[in-house]
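Participant: A structural model of the following input is requested.
(chains A and B)
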Amino acid sequence: MMSLKEISMIDFKNMDIKNGPAGDVLRVIGIAAMGIGLVFCVGMIAGILSAHREDGGGPLPGIMIGILIAIAVIMIALSYGVYAAMKRQIMGGEGMSKRAKNGRLIMSILFGAGAAIGVALSIISSEDGTRTAFSNGPLPMPFAIILAIIIGIILPIFYWLWHKNIDEQEASAYRDGAIAGMYAYAIGLPVWWILWRGGMVPMPDGTTIYFATMFIWGGVWFWKKYL
Amino acid sequence: MKNKLKVLRAMRDWSQAQLGDALDVSRQAVNAIETGKYDPSLPLAFKIARLFELPIEEIFDDEFEGNIHD
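Facilitator: So this is what the prediction gives:
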């Protein structure tokens, strides 16, 4: 057992950055940033190819091939970065419980599914000229059915498994995030609607409201869980 | 709520991850309790007390000094 003097000399804050709370925060931020970067790169490639088709198609000019190769290289680097960070985040450091590993694995699957849906929407949306993943443009019916089944039936199973594997502090952080998100929705939407009726802002947009709510929910969860 | 978790953990030379594993909670949960950002539930507080073989009130301090009937 250590003496009180020895304990007072321990630098708790900097004890272990890679395996400690600071490492967790940086990794989660890094994974999210690299995931967004990947979706952005896919959108860029789809946009470039779509613009080329609209200009008449034909063989790609050298400069365009060079740009596409550069984006592909960036995507490979980002993919490896996401893989390495997720592997470390899932495996964790010494002494990480099986329950915590399960929770992180399920969270990683959900992140991966979200990124894959974003990439798929980017590619499909670029074909009808809207070029953004979350526009209100039409989608091919089979694709819409598959996505609806994934989002409405398959992912909720993983949500349930995730809730079974998180500890009480994370559950508390998640509830705080849900309350903040709900308040943002309950206050933000009527304010926007009233201002729209007053002719001051564009009509309320469901996608924007959804993402704003989720952003606040996720942000508060992250703050309460990691910071 | 103030607590002595960090000191008790250090006296046993445990990392936050090791304590989290013993309590079946995450390292972040241990960190949040140690820094006073999260107050554990009663079942978790009892689990902590049993692990360190101490009464709950010797680990957690609610800083209440008055009479309960006040």
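
Participant: what comes into contact with stretch A:26-37?
Facilitator: A:74, A:78, A:81-82, A:85-86, A:88-89, A:111, A:114-115, A:222, A:226 (C-beta atoms under 8 Å, 6 or more residues apart in numbering or on different chains). Backbone N, C-alpha and C define where each C-beta goes, glycine included.

Participant: how far is it from where the chain is centred?
Facilitator: On the basis of C-alpha atoms, centre = their mean, to the nearest Å, stretch A:26-37 sits 8 Å off its chain's mean C-alpha point.

Participant: buried set for that stretch?
Facilitator: Under the neighbour-count criterion of 16 or more other C-beta atoms under 10 Å in any protein chain shown, stretch A:26-37 has A:27, A:28, A:30, A:31, A:32, A:34, A:35, A:37 buried.

Participant: Make a markdown table from the residues you listed and add pLDDT, secondary structure and distance to residue A:202 to it.
Facilitator: What follows is the buried residues of stretch A:26-37, written out as a markdown table (pLDDT from 0 to 100; DSSP: H, G, I helix; E, B strand; the rest coil; distance: C-beta to C-beta, whole Å):
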| residue | pLDDT | secondary structure | distance to residue A:202 |
| --- | --- | --- | --- |
| A:27 | 78 | helix | 38 |
| A:28 | 75 | helix | 33 |
| A:30 | 84 | helix | 34 |
| A:31 | 81 | helix | 33 |
| A:32 | 80 | helix | 28 |
| A:34 | 86 | helix | 32 |
| A:35 | 80 | helix | 29 |
| A:37 | 85 | helix | 29 |
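
Participant: can you list the residues that contact stretch A:64-81?
Facilitator: The contact list for stretch A:64-81 (C-beta under 8 Å, 6+ apart) reads A:30, A:34, A:37, A:38, A:41, A:42, A:44, A:45, A:48, A:52, A:60.

Participant: again but with stretch A:106-122, I slipped
Facilitator: A:31-32, A:35, A:38-39, A:42-43, A:46, A:86, A:89-90, A:132-134, A:143, A:147, A:150-151, A:155, A:158-159, A:161-162, A:165.

Participant: what about the top helix by length along chain B, near chain A?
Facilitator: Ordering each helix of chain B by length in residues (DSSP state H) puts helix B:42-52 first. Yes - judged by C-beta under 8 Å from any C-beta of the partner chain, helix B:42-52 comes into contact with chain A through residue B:44.

Participant: packing partners for that helix?
Facilitator: Packed against helix B:42-52 by the contact rule (3 or more C-beta pairs under 8 Å, 6 or more residues apart in numbering or on different chains; DSSP states H and E) you find helix B:16-23, helix B:56-59.

Participant: Send over it as CSV, restricted to the C-alpha atoms.
Facilitator: The C-alpha trace of helix B:42-52 is given here as CSV (Å, rounded to 0.1, in the frame of the first residue of the first chain):
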residue,chain,number,x,y,z
LEU,B,42,-27.1,3.8,-3.9
PRO,B,43,-26.4,0.2,-5.2
LEU,B,44,-23.1,1.4,-6.8
ALA,B,45,-22.1,3.3,-3.6
PHE,B,46,-22.7,0.1,-1.6
LYS,B,47,-20.6,-1.8,-4.1
ILE,B,48,-17.8,0.7,-3.7
ALA,B,49,-18.1,0.5,0.1
ARG,B,50,-17.9,-3.3,0.1
LEU,B,51,-14.9,-3.2,-2.3
PHE,B,52,-12.9,-0.9,0.0
